[in-house]
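J.: Compute the structure for the input listed below.
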Amino acid sequence: MSARRPPRRTGTLLALLLLAAAALPAQARDLARIESPGQVLAVTIEAQHEDRLAYRVERNGQPVIASSRLGFLLGDGRLERNLELVDHSSSSFDETWEQPWGERRLTRNHYNELRARFAERPATPGEAPRRIDVVFRVYDDGVGFRYEFPAEPAPRQVRIRQELTEFALADADDTTAWWIPAFEWNREEYLYSRTPLREIGTAQTPLTLRTGNGLHVSIHEAALVDYAGMNLARGDANVLRAALTPSSEGGAVNRTTPFATPWRTIQIGERAGDLVESSLILNLNEPNAIGDVSWFKPAKYVGVWWSLHLETETWGTGPKHGATTANTRRYIDFAAKNGFRGVLVEGWNPGWDGNWFANGWGFDFTRSTPDFDLPKLAKYAAGKGVHLIGHHETACAVSHYERQLEAAFDLYARNGVDVVKTGYVCDAGDIQRQDQAGGPVVREWHESQWMSNHHLRVVQAAAERKIAVNAHEPVKDTGLRRTYPNWVSREGARGMEFAAWADPPNPPEHEATLVFTRMLAGPMDFTPGIVSLVGRNGQKLRSTLAKQLALYVVLYSPVQMVADLPEHYAKQPQALKFIRDVAVDWEESRMVDGSVGEYAVLARKARGGEEWFLGAVGDDTPRVLQAPLSFLDAGRRYRAEIYRDGDGADWERNAAAFVHETREVGAGDVLELRLGRGGGQAVRFVPL
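T.: I've put the predicted structure just below:
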């Protein structure tokens, strides 16, 4: 007897399949696409399940950023789903603009733009839909995108609790990240961690990545105006999510329509050096808004600073007070003798005595201490072609500082002080805000919306008086120096003072890491040039002498400190000669070679001249590099003045091993660079 098969229940099976299909997310639909001018990069906007917005980025047809969400958590709910594309358009833009000062004089701004407008299907029939624009600008070396809340018949208050913006790395398995933590007490002043992407916690930007196939990516932001700074929190293994800095007002951002967010930026290159040579961040900022800034002169400066970190002098008054009339005259004389334009003086005003760190409300920015004669010193300096550099340390009593801001800048303007270093020393999250005198004091983060606005108030007030600003413990750099060219530099990372007293101090690879991380945001006042190579209590710098010289080329700033003591430079006349000769303003800059955290070789041509300079810095591993000199003008010969590590140079055992030599070279030559442990090399190329 043959077995009987049960009847086929076709209808039931089909129903089950249909139910299963209905439970699956709908397939993503491409809504709009734009390519870069050279067809290197392409961005696609897509609609995912429930019409959630997402985007993806490809380079030469290969995915770099996989499908990544867009949207917001707002005070009145989520703005991320049920979004319909209302309209979209594309355009192209190509200009070359001139920086008044910078890493290069001429910058090309060439991109294709995609503008897409979305409307949310209202939950209640007849309700006016919420609208939002998403704008992408696609360059051959990166992408910038932002959200725009359009104008409405009646301006609307918008409270942003968080962005839902994502960056999902397509090649995540073998991706390496260089990052510092966010929302920690010491602001941006942390050593960079090198970890797999999956081990990132919450990181500050710029965050630098190298994928398994060798592609280099940096995620950051541009044009941070009236908005909270963006950090990156790791979600799933390959996803980084925007994490906005909180506000004391609740949420992160409070704005009135219309407004735009900062640009979210993704720089992409084959080489690590491609990130360094990119102008994406600057190009996404608005042009100069303050007019002529020819009064600002990029320059080197000396000052009462390193001695304070050595604790041989003090900020507060007393027997070791550094900011005295006599001591400042000594620095003015040293600056004049060596052709340095500026003299910084910290501790010149009342408020430093006692525990100033905890009592910023005691600072007076309109008076000098009895032993410091500001008008007399300003006149003395001017007679020698030198300018005093002002200093405003707030200890984070920011509202107290703002109430004196106009009078403080007026005092500087009367005395020819045309650069000021500001400071915000306190634990992160402890900025003191008091909207009304005598009212409650609330706390803000250094990169909150309120602080981003504060820094612009300072820069604008300074610009009205032809004063440049160099901010320490700052809000991050997002390229606003294009819009406000008097915002010339800032700190925002571990600077040289950590080499004096920190435990641990800056390691040998620190500067070769900064080039490809923090420096992608903009200039840094690192304060190089410690030729004594010794910090507090004899602590050794993790640097050779030649490396200290190379930092003037490698770490860009239009205000570069000659940070060591005058008596120490007297013992190193050859090193001092290079520091005198090296430029601070550049016609163009080239990344000759580099690997993140290992070594960096940069060449820069002096603006207004024919000389080139080269700087190379390494890590804790001795290495020999080959530097092609193809950046030199073809057909010309140059005298290469070389300042290099000597035989056996080693930061730990023989840091002062140093050779100064010259040779004749041209564009077809290759210069061999021998770097010791913690070593470097600096070269000046003079046309013959």
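
J.: Not counting sequence-adjacent ones, nearest residue to the residue positioned nearest the centre of the chain?
T.: Compute the mean C-alpha point of the chain, and by Cα atoms, centre = their mean the closest residue is Ala521, 2.8 Å away. Of all residues not flanking Ala521 in the chain, Asp477 sits nearest, at 4.0 Å (Cβ to Cβ, 6 or more residues apart in numbering). Yep, even glycine has a C-beta here, placed from its N, CA and C like the rest.

J.: my guess is the one you found contacts Gly492, does it?
T.: Yes - counting by Cβ atoms under 8 Å, Asp477 sits close enough to Gly492 to count as a contact (6.3 Å).

J.: can you give me the helices in the chain?
T.: Read by DSSP state H, the chain holds these helices, from start to end of the chain: 10-23, 272-277, 280-283, 306-310, 325-338, 374-382, 398-414, 449-464, 497-501, 510-514, 545-554, 566-570, 573-581.

J.: Same list, the ones you listed, but as a markdown table with mean pLDDT please.
T.: Listed next are the helices of the chain as a markdown table, based on pLDDT from 0 to 100:
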| stretch | mean pLDDT |
| --- | --- |
| helix 10-23 | 36 |
| helix 272-277 | 98 |
| helix 280-283 | 98 |
| helix 306-310 | 98 |
| helix 325-338 | 98 |
| helix 374-382 | 98 |
| helix 398-414 | 98 |
| helix 449-464 | 98 |
| helix 497-501 | 98 |
| helix 510-514 | 98 |
| helix 545-554 | 98 |
| helix 566-570 | 98 |
| helix 573-581 | 98 |
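
J.: Would you mind saying which of those lies nearest Asp364?
T.: In this view, the helices of the chain are compared for proximity to Asp364 by Cβ to Cβ, and helix 398-414 is the closest at 7.4 Å.

J.: Alpha carbons of that closest one, as CSV, please.
T.: In CSV, the C-alpha atoms belonging to helix 398-414 read as follows (Å, rounded to 0.1, in the frame of the first residue of the first chain):
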residue,chain,number,x,y,z
VAL,A,398,32.0,84.0,32.1
SER,A,399,29.1,86.4,32.8
HIS,A,400,31.4,88.4,35.1
TYR,A,401,33.9,88.7,32.2
GLU,A,402,31.2,89.7,29.8
ARG,A,403,30.2,92.6,32.0
GLN,A,404,33.7,94.0,31.8
LEU,A,405,34.3,93.0,28.1
GLU,A,406,33.8,96.4,26.5
ALA,A,407,35.8,98.4,29.0
ALA,A,408,38.6,95.7,29.0
PHE,A,409,39.0,95.8,25.2
ASP,A,410,38.8,99.6,25.3
LEU,A,411,41.8,99.6,27.7
TYR,A,412,43.8,97.4,25.4
ALA,A,413,42.9,99.4,22.3
ARG,A,414,44.1,102.6,24.0
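
J.: which residues sit against that helix?
T.: Outside of helix 398-414, the residues that reach it under the criterion Cβ atoms under 8 Å, 6 or more residues apart in numbering are 360-361, 363-366, 374-375, 390, 392, 394, 418, 420, 424, 431-435, 437, 441, 444, 451, 454, 457-458, 461-462, 464-467.

J.: quick one on the thing from earlier: to Arg623, which of the helices of the chain lies closest?
T.: In this view, those are compared for proximity to Arg623 by Cβ to Cβ, and helix 510-514 is the closest at 10.7 Å.

J.: nearest spatial neighbour of Leu388, skipping sequence neighbours?
T.: Counting by Cβ to Cβ, 6+ apart, the nearest residue to Leu388 once its immediate chain neighbours are dropped is Val417, at 5.1 Å.

J.: burial count for the one you found?
T.: Using other Cβ atoms under 10 Å, the number of residues around Val417 comes to 22.

J.: For the remainder of this discussion, apply numbering that starts at 143.
T.: Sure, I'll start counting at 143 from here, so that last one is Val559.

J.: ok, it - contacts?
T.: Contacts were defined as Cβ under 8 Å, 6+ apart; by that measure Val559 touches 520, 529-532, 609.

J.: Arg623 too?
T.: Taking Cβ under 8 Å, 6+ apart, one finds 244, 424, 427, 629-630, 664-665 in contact with Arg623.

J.: Which among those residues count as buried?
T.: Among the contacts of Arg623, the ones that count as buried by 16 or more other Cβ atoms under 10 Å are 244, 424, 427, 629-630, 664-665.
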